[in-house]
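Asker: Sequence and predicted structure, then a few things I'm wondering about:
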Number of protein chains: 2
Amino acid sequence: MNVSVFIATSLDGFIARPDGDIDWLMEASQKAIGEDMGYESFMAMSDYLIMGRNSYEKVLSFDEWPYEGQKVIVISSTLKSEDIKLEGVELFSGALEDLVARLRDAKCGQLYIDGGRLIQSFLNQNLITDMTITTIPILLGSGISLFGAREHDVPLELEFSKSFPSGFVQNKYTVGQN
Amino acid sequence: MNVSVFIATSLDGFIARPDGDIDWLMEASQKAIGEDMGYESFMAMSDYLIMGRNSYEKVLSFDEWPYEGQKVIVISSTLKSEDIKLEGVELFSGALEDLVARLRDAKCGQLYIDGGRLIQSFLNQNLITDMTITTIPILLGSGISLFGAREHDVPLELEFSKSFPSGFVQNKYTVGQN
């Protein structure tokens, strides 16, 4: 089962500004219209989108829920099941490895792990199998980092690298043992 | 005149471990033997290699001075001219923009800016024109970052992107106005 990250970062490694704003990504994406970064097929391959409470609340604040028809699991120890009213969205508050084991037993083929803190938690527990990272040609100088502090190296293997006329560079890495 | 960066980083943006160690880079480079990342031609194009005191002292600690035949300027406000005994190495302690102006007046074609802190200083003063960054497929978790905190976005343009069988990905960016 793939436990996968698919995310964009600035060249200096930020996924959002300090307040979570992704205006810079939206603006850059205007230059990338028509370029197929593979997001839709990645999403279509994913049995579940798994996100943290921060991401969930951010997405809820949008005009429209963008994940219609996609099964979503929200990881939170503070939300309650009755807080989640959307069809296809469930809450999980246990250990991440238990969730991964459960979904593997359920014959899932791919999990899509989203959100900075949640990605770090999955990485720190050696649960991520691959990361597709699209680097946007901008330095932000501050923000929410994709990667956090770790005590051990994580060796990676480059699966592919593609660049686009927009200047976006997409690299897919598989995650080695560490 | 190009004021250029040519450097390798881990995927999480570190140019060295917290103590300056680049063992991970040396080890990864073993897999990249025979791959031409363009370092030699970049160096040959550079009129001056410009480094900070930290980098200078690090390089001095090597068995052999690796920049024989290359003109080097060390930026330091604490070193004195008499501390520098190597042929072709000079000291500069003034404003970086004055140095750049002097070398532009001297018809230099390219300056090679090296070392984490010095690169940040040049970037913060909008003096860098291009950056060739080779991303090594590893997460280190901690270390000396290539990029530091900044208050303003820096827009970049991707000039080229190349990947290598070793899994190294090299991107060259030109630096926009900010």
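Answerer: Received the coordinates, thanks.

Asker: Residue A:34 and chain B, how far apart?
Answerer: 17 Å (Cβ to the nearest Cβ, to the nearest Å). Heads up, the C-betas are built off the backbone N, CA and C, glycines and all.

Asker: okay, now that residue: neighbour count?
Answerer: Using other Cβ atoms under 10 Å in any protein chain shown, residue A:34 has 7 other residues around it.

Asker: which residues does residue A:117 contact?
Answerer: A:52, A:54 (Cβ atoms under 8 Å, 6 or more residues apart in numbering or on different chains).

Asker: meant to ask about residue A:121
Answerer: In this structure, residue A:121 makes contact with residue A:96, judged by Cβ under 8 Å, 6+ apart.

Asker: in what helix or strand does it lie?
Answerer: helix A:116-124 (DSSP states H and E).

Asker: list the buried ones in that helix?
Answerer: Neighbour counts using 16 or more other Cβ atoms under 10 Å in any protein chain shown place A:116, A:118, A:119, A:120, A:121, A:122, A:123, A:124 of helix A:116-124 among the buried residues.

Asker: per-residue pLDDT, the fifth one?
Answerer: I take that to be residue A:121. Here the pLDDT value assigned to residue A:121 is 95.

Asker: Quick check: it vs residue A:78, distance?
Answerer: Distance, residue A:121 to residue A:78, by Cβ to Cβ, to the nearest Å: 15 Å.

Asker: just residue A:51 next, same as before
Answerer: 14 Å.

Asker: likewise residue A:154?
Answerer: 29 Å.

Asker: pLDDT weak spots in chain A?
Answerer: Per-residue confidence for chain A (pLDDT under 70) gives these ranges: A:177-178.

Asker: try it again with 90
Answerer: For chain A, the stretches with pLDDT under 90 are A:20, A:36, A:54-55, A:57-59, A:61-62, A:81-83, A:85, A:150-151, A:176-178.

Asker: Show the residue spans covered by the strands in it.
Answerer: With DSSP state E as the criterion, chain A has strands at A:2-10, A:14-16, A:48-52, A:72-75, A:89-92, A:110-114, A:130-136, A:138-139, A:144-145, A:154-163, A:169-175.

Asker: Any idea which of those gets closest to residue B:31?
Answerer: Proximity to residue B:31 (Cβ to Cβ) singles out strand A:154-163 among the strands of chain A, at 10.6 Å.

Asker: what's next to the closest one, contact-wise?
Answerer: For strand A:154-163, using Cβ under 8 Å, 6+ apart, the contacting residues are A:123, A:130-131, A:169-178, B:11, B:137-139, B:141, B:158, B:160-161, B:163, B:167-169, B:171.

Asker: now those residues: which count as buried?
Answerer: Buried among the contacts of strand A:154-163 by 16+ other Cβ under 10 Å: A:123, A:130-131, A:169-175, B:11, B:137-139, B:141, B:158, B:161, B:163, B:167-169, B:171.

Asker: Leaving out chain neighbours, which residue sits closest to the residue nearest the centre of chain A?
Answerer: For chain A, residue A:114 is the residue whose C-alpha lies nearest the centre (Cα atoms, centre = their mean; 2.5 Å). Distances taken as Cβ to Cβ, 6 or more residues apart in numbering or on different chains place residue A:51 nearest to residue A:114, at 4.7 Å, with adjacent residues excluded.

Asker: For the one you found, give me its contacts.
Answerer: Taking Cβ under 8 Å, 6+ apart as the criterion, residue A:51 is in contact with A:59, A:72, A:73, A:74, A:75, A:113, A:114, A:115, A:118.

Asker: need the contact list for residue A:78.
Answerer: Neighbouring residues of residue A:78 by Cβ under 8 Å, 6+ apart: residue A:53.

Asker: State the distance from it to chain B.
Answerer: Relative to chain B, and taking Cβ to the nearest Cβ, residue A:78 is found at 28 Å.

Asker: do residue A:46 as well
Answerer: 22 Å.

Asker: Setting the sequence-adjacent residues aside, check what's closest to that residue.
Answerer: residue A:112 is the one closest to residue A:46 (Cβ to Cβ, 6+ apart), at 3.9 Å.

Asker: Can you verify my assumption that that neighbour contacts residue A:44?
Answerer: No - assessed by Cβ atoms under 8 Å, residue A:112 is found out of contact with residue A:44, at 10.4 Å.
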